[in-house]
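S.K.: can you look at this prediction? I've put the sequence above it.
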Amino acid sequence: MRILRLYFLSISLLIAATVSSAATETYYFFVFSNPVASHEEEYNKWYDQLHAPDVVSIPGFVTAQRFIKNDLPLYRIVDLQVPKYLVVYKIATDNIEGVFKEVSRRLETGETFMSPAFDRATSVSYVYKPFRPEIKGVGGEPKDARPGPKQTYYQVVFTAMVEGKEQEFNRFYDDHHAPELAAIPGFTSAQRMILARPTAATIPATKYLALFKVETSDLTAVKKIAAGPGFTASPAFDREATRGYTFRAIGPVVEGDKVRATRRELDPLRADPRHYTVDVENQWVRVIRERMGPRETMAMHQHPNPGAVIVFLTDRHNRLTTADGRTQELRNPADDLMWSPASGHRSENLTDSPFEAVQIEPRWPSGTRPPPFLPDALDAPKIDPQHYHVELENEFVRVLRVNIGPHEKLARHTHPQTGAILVQLTDQNLRLTQADGTARASTYPAKTARWVEPGAAHQDENLSDQPLRFIRVELKLAAGASDPRGRAIH
């Protein structure tokens, strides 16, 4: 009986592993683009140093490689031409729409910087996924190939079929066309794909695409064989509507895992621990404190996704310099706040005074869905907007600016049932009274940043002769959050 149970357990684990592995699929994201006229050098520098690494840093992206349209096409020149440059991204995910939602979010927030040298009007892109196994090519070189260093080429073929002959077309391509081309010296692989996402590209997609990889020192010799006789034909294959484009690699394969690891090394706490320290950290949020002396400069560092709320504890006049040399001067008064998308830069304090700020970085625990953010009828900014003002709100946070006059007692109110970070702009000497009449004191010095947990309805009373001011950052992804290091409320 024990052996039988172990047998069924093994079968169950095997099935579970199979289902799990089958959930992740591979996709190829083809982006064809041109530089704006007279800006090709700027375009290529941006793409190589910034854009390709930015995109491949997004979770789900495996690799990226850039190509340029080759002067010598492997086959005939087609009438409908795609742009001059191509980047091929490989993606592995069980949620392709989630990956592209993150791509869009980073573009919309400016986290993924789009150079003005990129010609948006002529750019076209397509997402395909393999639906047949990759065919390994014979590699090597044609007998009469000129010796020299090998170069890598992609032959990207938007394959067309005669209407009503799809089944026959697929048999022809699977059994004859793809294997016959993979058998040409210089061809190293052949991969058939099917369109995986709708596209609004001005150059239409075809349902099927074939991607052939060629590695050779002499493309002319390979072309001589590929364009020659001896290949199987099919009446189901629409040669006139099929469009093939030959691209040559102009950059290395950029690996997503390596880019993400490098950017982790550029985390502020690792890259510049002298200027950055951590105040709070749990699964829902990290709060880091930034300090710079007069005229000091920080090391290059990378702030993580999705971004952060920055609360300025002193005046700011800083110069930010990105990895590609772009600079920006920023000014903010003390007590100001802002949402800052994820970014990489070096920061320089341009004043003769110390600079200090805290950054509240919301986190989304892995494998979870965003919980509902549900303020109730006693929500503080709803019933008392004079004292609780919503200063900033997005999908990650709601930020309240709180002002309580000397010895002022506020109406009973609630906060959403979610974790929050409080940043003291002034010293706090507060009495909190619960609905049942129990009360406790809450005292904190100015500039303190701390975690607070969801609590019940209460009243705030400022016991000081001075105004009380603080920032409350409510973390929408931390519904019902509890941290043993936290406090109940305020």
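M.R.: Great, that's in hand.
S.K.: contacting residues for Y388?
M.R.: Residues in contact with Y388, defined by CB atoms under 8 Å, 6 or more residues apart in numbering, are 380-381, 400-402, 413, 472. Every C-beta, even on glycine, is put in place using the N, C-alpha and C of the backbone.
S.K.: and E40, how far from V254?
M.R.: To V254, E40 is 20 Å away according to CB to CB, to the nearest Å.
S.K.: which parts of the stretch 1-150 of the chain are helices?
M.R.: 2-23, 40-46, 52-56, 96-109 (DSSP state H, counting those that start in this stretch).
S.K.: mean pLDDT lowest where, among the ones you listed?
M.R.: The weakest mean pLDDT among those belongs to helix 2-23, with a mean of 44.
S.K.: that older thread, who's more crowded, E40 and V254?
M.R.: V254 (21 against 14; other CB atoms under 10 Å).
S.K.: for the more buried one, which non-adjacent residue is closest in space?
M.R.: A64 (4.5 Å; CB to CB, 6 or more residues apart in numbering).
S.K.: report the separation between the one you found and Y47.
M.R.: Computed as CB to CB, the A64 to Y47 distance reads 10 Å.
S.K.: picking up where we left off before, can you pick the most crowded of the contacts of Y388?
M.R.: A380 (24 neighbours).
S.K.: pretty sure N318 sits against L350.
M.R.: Yes - counting by CB atoms under 8 Å, N318 touches L350, with 6.3 Å between them.
S.K.: ok, those two, which is more surrounded?
M.R.: Taking neighbours as other CB under 10 Å, N318 and L350 compare with N318 leading, 21 against 16.
S.K.: neighbours of D71, how many?
M.R.: For D71, the neighbour count with other CB under 10 Å is 8.
S.K.: got a list of what it touches?
M.R.: D71 touches nothing, counting by CB under 8 Å, 6+ apart.
S.K.: kindly report the same for L475.
M.R.: 284-285, 362, 396-397, 418-421, 481.
S.K.: recalculate using a threshold of 7 Å.
M.R.: 284-285, 362, 397, 418-420 (CB atoms under 7 Å, 6 or more residues apart in numbering).
S.K.: next one: D54
M.R.: T112.
S.K.: pop the domain breakdown of the protein in here.
M.R.: Domain segmentation of the chain under automatic domain parsing yields 23-258, 266-362, 380-479.
S.K.: redo the ones you listed as a markdown table? Include distance to P372.
M.R.: A markdown table is the format used below for those (distance: least, CB to CB, whole Å):
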| stretch | distance to P372 |
| --- | --- |
| domain 23-258 | 19 |
| domain 266-362 | 15 |
| domain 380-479 | 7 |
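S.K.: just so I know, which of those domains lies nearest F373?
M.R.: domain 380-479 (4.4 Å; CB to CB).
S.K.: quick one: mean pLDDT over that closest one.
M.R.: So the average pLDDT for domain 380-479 ends up being 95.
S.K.: hang on, the earlier thing: greatest separation within the contacts of Y388: which pair is it?
M.R.: R401 and H413, at 15.1 Å, using CB to CB across the contacts of Y388.
S.K.: skip the chain neighbours and tell me the closest residue to H39.
M.R.: Closest residue to H39 apart from its sequence neighbours, by CB to CB, 6+ apart: A117 at 3.8 Å.
S.K.: burial measure for the one you found, as a count.
M.R.: What A117 shows, counting by other CB under 10 Å, is a neighbour count of 19.
S.K.: hmm, E41 and it touching each other?
M.R.: No - counting by CB atoms under 7 Å, A117 does not reach E41; the two are 8.4 Å apart.
S.K.: ok, R192 to Y208 distance?
M.R.: 7 Å.
S.K.: with L313 instead?
M.R.: 59 Å.
S.K.: just S217 next, same as before
M.R.: Separation of S217 from Y208 (CB to CB): 31 Å.
S.K.: I68 too?
M.R.: Here I68 is placed at a distance of 25 Å from Y208 (CB to CB).
S.K.: which one's more surrounded, these two?
M.R.: Y208 (22 against 14).
S.K.: what about the residue nearest to F396 when sequence neighbours are not counted, neighbour count?
M.R.: Distances taken as CB to CB, 6+ apart put P362 closest to F396, at 4.3 Å, once the chain neighbours are dropped. Look at P362: counted by other CB under 10 Å, it has 24 neighbours.
S.K.: repeat that for P294.
M.R.: The burial count assigned to P294 is 11, neighbours taken as other CB under 10 Å.
S.K.: on the three-state scheme, it is what?
M.R.: Under the three-state scheme (DSSP: H, G, I helix; E, B strand; the rest coil), P294 adopts coil.
S.K.: does it really touch L350, like I thought?
M.R.: No - applying CB under 7 Å, one finds P294 not in contact with L350, separated by 9.4 Å.
S.K.: just give me the residue right at the centre of this protein.
M.R.: The centre of the chain sits closest to I58, judged by CA atoms, centre = their mean, with a distance of 3.4 Å.
S.K.: how many residues are close by A441?
M.R.: A441, neighbours per other CB under 10 Å, totals 10.
S.K.: that one: what's it in contact with?
M.R.: Counting by CB under 7 Å, 6+ apart, A441 makes contact with R431.
S.K.: quick one, strands of the stretch 301-450 of the chain?
M.R.: Remark: strands assigned in the stretch 301-450 of the chain by DSSP state E, counting those that start in this stretch are 301-302, 307-312, 316-321, 327-332, 337-341, 344-349, 355-362, 388-393, 397-404, 418-424, 428-434, 439-444, 449-452.
S.K.: list the helices and strands the first one packs on?
M.R.: Applying 3 or more CB pairs under 7 Å, 6 or more residues apart in numbering; DSSP states H and E, one finds that strand 301-302 contacts no other helix or strand.
S.K.: tell me the secondary structure at T152.
M.R.: Quick answer, by three-state DSSP: T152 is strand.
S.K.: wait, what's in contact with the residue lying closest to it once chain neighbours are set aside?
M.R.: Nearest residue to T152, sequence neighbours excluded (CB to CB, 6+ apart): A249, at 4.1 Å. A249 sits next to 65, 67, 151-152 when contact means CB under 7 Å, 6+ apart.
S.K.: most surrounded residue in those residues?
M.R.: Among those, F67 has the most neighbours (other CB under 10 Å), with 23 neighbours.
S.K.: and it, what is it in contact with?
M.R.: Here F67 is in contact with 86, 88, 154, 247-250 (CB under 7 Å, 6+ apart).
S.K.: try it again at 6 Å.
M.R.: By CB atoms under 6 Å, 6 or more residues apart in numbering, F67 lies in contact with 86, 154, 247, 249.
S.K.: between those, which has the most around it?
M.R.: Neighbour-wise, the contacts of F67 (other CB under 10 Å) top out at F247, 26 neighbours.
S.K.: distance of that residue relative to V156?
M.R.: From F247 to V156 the distance is 7 Å (CB to CB).
S.K.: same check, this time on P252
M.R.: 19 Å.
S.K.: could you check which of those two is surrounded by more residues?
M.R.: Legend: neighbour count by other CB under 10 Å for P252 and V156, higher for V156 (23 against 11).
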